[in-house]
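Asks: model this:
(3 chains)
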Amino acid sequence: MALTDHHCHGITVEPLDRAGFEALLTESEWPAPPGTSMFDSQLGFAVRRWCAPLLDLEPHAAPEEYLARRQELGPDAVNRRLLGAAGIGTFLVDTGYRAPELTSPRELADLAGGVAREIIRLEHLAEQVAANGTTPPSFAADFAETLAGAARDAAGLKSVAAYRFGLGFDPSPPTAREVELAAARWLGREADGSVPRLEDPVLLRHLLWTGVQLGKPIQFHTGYGDADLDLARCNPLLLTGWLRATRETGVPVMLLHCYPYHREAGYLAQVFPHVYADVGLAVNHTGSRSAAVIAESLELTPFHKALFSTDTIGLPELYYLGALLFRRGFGRAAAQWIDDGEWSPRDAERAAELIGYRNAARVYGLELT
Amino acid sequence: MALTDHHCHGITVEPLDRAGFEALLTESEWPAPPGTSMFDSQLGFAVRRWCAPLLDLEPHAAPEEYLARRQELGPDAVNRRLLGAAGIGTFLVDTGYRAPELTSPRELADLAGGVAREIIRLEHLAEQVAANGTTPPSFAADFAETLAGAARDAAGLKSVAAYRFGLGFDPSPPTAREVELAAARWLGREADGSVPRLEDPVLLRHLLWTGVQLGKPIQFHTGYGDADLDLARCNPLLLTGWLRATRETGVPVMLLHCYPYHREAGYLAQVFPHVYADVGLAVNHTGSRSAAVIAESLELTPFHKALFSTDTIGLPELYYLGALLFRRGFGRAAAQWIDDGEWSPRDAERAAELIGYRNAARVYGLELT
Amino acid sequence: MALTDHHCHGITVEPLDRAGFEALLTESEWPAPPGTSMFDSQLGFAVRRWCAPLLDLEPHAAPEEYLARRQELGPDAVNRRLLGAAGIGTFLVDTGYRAPELTSPRELADLAGGVAREIIRLEHLAEQVAANGTTPPSFAADFAETLAGAARDAAGLKSVAAYRFGLGFDPSPPTAREVELAAARWLGREADGSVPRLEDPVLLRHLLWTGVQLGKPIQFHTGYGDADLDLARCNPLLLTGWLRATRETGVPVMLLHCYPYHREAGYLAQVFPHVYADVGLAVNHTGSRSAAVIAESLELTPFHKALFSTDTIGLPELYYLGALLFRRGFGRAAAQWIDDGEWSPRDAERAAELIGYRNAARVYGLELT
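Replies: Numbers count the residues shown, from 1 in each chain, chains lettered A, B, ... in the order given. Predicted coordinates:
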């Protein structure tokens, strides 16, 4: 079955040296300490184990060997081999982060032989509105109009409020006056005319409430990410008030990553009818432990609320591994439950289909490929 | 061995249609989204797997089949079959929530062929005191007197401060003057004379400190529950100051549910001599994962501090499943430890007896049945 | 291979009666409730299972039998047998807690036939500076000078800010004026001239920033400990701001224990190049569950950032068990990953060496024994 990756980014088409490759193997923005390597991690071990054979190497090939072979084949061949083997049919691509360095949704779809749809990152779009020229009184209207246009063909929206302020923002929509005042502070901040990073909680809330009006699913970064966030402020439970405030709108809220708060996310996905959750990023980064993480994520989350994703960025390895580890991890958890006499094989298959692509199709309105 | 379920509620004796049954399969108060079903969850799979055979169906019977057979047998037969097979000898029943719709402790005991004792819910009792007529100056005395009467034959008390305010309340007892002022705010709040929900943290603390004076075990809702709570405010660690303040009283404090904070609860149960913990609710809701949750809950919790419960409400399935999953889960965890050469079979049996009924008997002063 | 225990304390050379032994089997400072025993815990079961044979008893010997045999052999023989069998070559000993009752690093090294280096506890040293006479204006200089002397031959420093205030302190260094004012408050607090416990967050921060200037690794108590701490304030994520503020110094920050926040610690160890983590204390206390805890701790933590420790205090059993459970636990986790075809045996061995002693050697500048 072809999976739907409901949260991912483009990959690089440039050759990568060792430092460049290691930088994409971790959420750190700094190199490993002298004498150590980012290959010494669950993800590093998993790349050598599972991706090496696709590059005609033995499983567990040494990092040097792996990188040399990668160089030899060249980015295009590597990308096609890994993406082609991933078995992902539909990609929902967040285009609001490092997009110029990465493949576009269309390029990605071509490389994979699949379909790609766009996810619009709210904060990035607002910063573009500011860069293109807006004023405090017109910002709300300018943003709403730009968003409506950008989102017309998009599958959904995404918020990185977790990175910019944390998820503990006031759940209610700000007033027009508050938005104008906040826009004035924001737009006036830099002397050189450049647009500062949008971090104001009033504006972050405003973007979200504007997004809600479109009725499309809204993804939230929650949990684990890079050193630019404060993980304790990314606990999805901090969204509880906002989830109460948006429940009646019916707009699906997609909690991304969640780890190490995936059990907390499971609670939210169970009690709020519009909340969904994945553990995408964690599956790749926890490698041999991903079956355990997937099993934990399915404790409280109803099976019609869990989704597959890889959160790939940069490395095509992450598409291949993310899909493989999801299939293996869910498969092993379910096999155990079947062996123990708890689940039936048919139910396991049905749950896999829900999580792998049916839930995404239903929530995002996708055609099954 | 007959278990002691130290935290549970009554069950319904009315027939349940599909919507009614699904509503009791989840902590959500809203139906599953269109096209989905609450049966697609660990608990839903577990009901079909384990309860279906007690209704003469094949394991993993389809939801429709299961509900049709349930209808056919009628509530009384279903209740007797499931409760009769649960192997629970003693029920400590929280009578302060939805009691009119549910079986009384006596009815439950009759259905199960066991013994039932009452647990008094502090907030509910205070609301009854208010409904029956009290005044700000007399509230403290009226509540103390009513509680003493209500608790005379009860096995213990229960607080749902987690739902009403969260567990991060000031740990010290409020003064008489503070209680009177808070009672005045509370009792005067509704124009139509009805009693508002008790949510004032001064009063919630006052109920607890009044309860402490009775010397009976006090149960606390902690962790996971329905959408009416803010899970982050239900972390049992928020009780740390109150546990320090009550340690010398020796009053047993029973942390209920705890998930996903069961490891945190284990810390409290280890370091405070009067603290106990269970993972009752989570056992049913995590289904095939319950063995893992039980194993985690026994990392730091001393075996003389862990208790069995089902937190059943409404469905007799929850009694049967809760008991079965506890037996299976503890049994599988212990079997693994025995196989690995870590535990002796005799120790495993002794720990099972402690958790299954001996700890409850010691703490609540129950006779072993 | 001989392990390096990068965080531990001395052991007692006095005979222990049952109460004394049980007190060291738990993080509680109070005895188990009447009718119960601290032996009924994962640690208690593990001691009877694994340590009994070293005292010529059957595995799972009864507590009475175990304690009688311990008494019969006497402390010196018991200490030598258990320490001798632990396979630990290097001990980094925190000498700032209960040192007079416990073996010194040299005595420990002699008993074990290994090498011991000291870890200087910042708060304890500051209290000694105060006890030896200092003044608010001279405190900063006096402490800096004393620390430089004390740390000259030490392997590193340790902070128990978690116990004294919590880890959510202001991350920036206090000014000289703030330090002097805080020292005046602290030094003037007790009428009888004794030195009060150092709990002032300004001074705690000052000790840390003074320590940073020495360039040696700084250990932090994080996570689980005794009832004197507030576990929610010991979440290592509370250090995030301080980790950002110290990243460029390159001073290694060693997160100790971490449980139940070991996944959060793994995030910090992955994204910050100077952060390391262990789950020492939890390995002993979770006994038969320690393999699972170790596996979880290696989800995000790069293998060049994880370390072995026992956090032994008082009982030589904790050295033996801590080493055995680490070897068994890591070994079982890795064996599973090898069986599943995820890791190669050679990689598993290399990761074990990194965690067991190579990371400590690199970070603390130790010779491999």
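
Asks: near chain C, which residues of the stretch 251-369 of chain A are found?
Replies: Residues of the stretch 251-369 of chain A lying near chain C by CB under 8 Å from any CB of the partner chain: A:259-260, A:282, A:285-289, A:292-293, A:332. For the C-beta atoms, the positions are set from N, CA and C on the backbone; glycine is no exception.

Asks: mind listing which of those residues are in strands?
Replies: Among these, the subset assigned to strands under DSSP state E is empty.

Asks: just send those residues back as CSV, with pLDDT, distance to residue A:201 and neighbour count too.
Replies: Listed next are these as CSV, based on pLDDT from 0 to 100; distance: CB to CB, whole Å; neighbours: other CB atoms under 10 Å in any protein chain shown:
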residue, pLDDT, distance to residue A:201, neighbour count
A:259, 98, 24, 28
A:260, 98, 24, 26
A:282, 95, 27, 26
A:285, 97, 29, 30
A:286, 98, 31, 29
A:287, 97, 36, 25
A:288, 97, 39, 25
A:289, 97, 35, 22
A:292, 97, 35, 18
A:293, 98, 31, 25
A:332, 96, 42, 16
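
Asks: tell me which of those residues is nearest to chain B?
Replies: residue A:292 (8.6 Å; CB to the nearest CB).

Asks: secondary structure element for the closest residue to the closest one other than its chain neighbours, which one?
Replies: The spatial neighbour of residue A:292 that comes closest, neighbours along the chain excluded (CB to CB, 6 or more residues apart in numbering or on different chains), is residue C:295 at 7.3 Å. For residue C:295, the element it lies in under DSSP states H and E is helix C:290-297.

Asks: quick one: contacts of that helix?
Replies: A:289, A:292, B:295-296, B:299, C:258-259, C:262-263, C:265-266, C:277-279, C:282-284, C:286, C:306, C:325-326, C:328-330, C:332-333 (CB atoms under 8 Å, 6 or more residues apart in numbering or on different chains).

Asks: ok and that helix relative to helix A:290-297, angle-wise?
Replies: Going by axes from the mean of the first three to the mean of the last three CA atoms, to 10 degrees, helix C:290-297 is angled at 90 degrees with respect to helix A:290-297.

Asks: please identify which pair of the residues of the stretch 251-369 of chain A next to chain C lies farthest apart.
Replies: The most widely separated members of these, counting by CB to CB, are A:260 and A:332 (20.5 Å).

Asks: and chain A, is the very next helix or strand once past the helix holding residue C:295 touching that?
Replies: Next along the chain after helix C:290-297, taking DSSP H and E as the criterion, comes strand C:306-307. No. Strand C:306-307 lies apart from chain A when judged by CB under 8 Å from any CB; the minimum separation is 9.8 Å.

Asks: contact residues of chain A facing chain B?
Replies: Near chain B, when you scan chain A using CB under 8 Å from any CB, you find A:235, A:237-238, A:240-241, A:244, A:247, A:263-264, A:267, A:270-274, A:295-296, A:298-300, A:302-304, A:337, A:340-344, A:346-347, A:350-351, A:354, A:362.

Asks: mind giving me the ChimeraX select for those, buried ones only?
Replies: In ChimeraX, a selection of the buried entries from these looks like this (16 or more other CB atoms under 10 Å in any protein chain shown):
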select /A:235,237,238,240,241,247,263,264,267,270,271,272,273,274,295,296,298,299,300,302,303,304,337,342,343,344,347,351,354,362
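
Asks: out of the residues of chain A next to chain B, which sit inside helices?
Replies: A:240-241, A:244, A:263-264, A:267, A:270-271, A:295-296, A:337, A:346-347, A:350-351, A:362 (DSSP state H).
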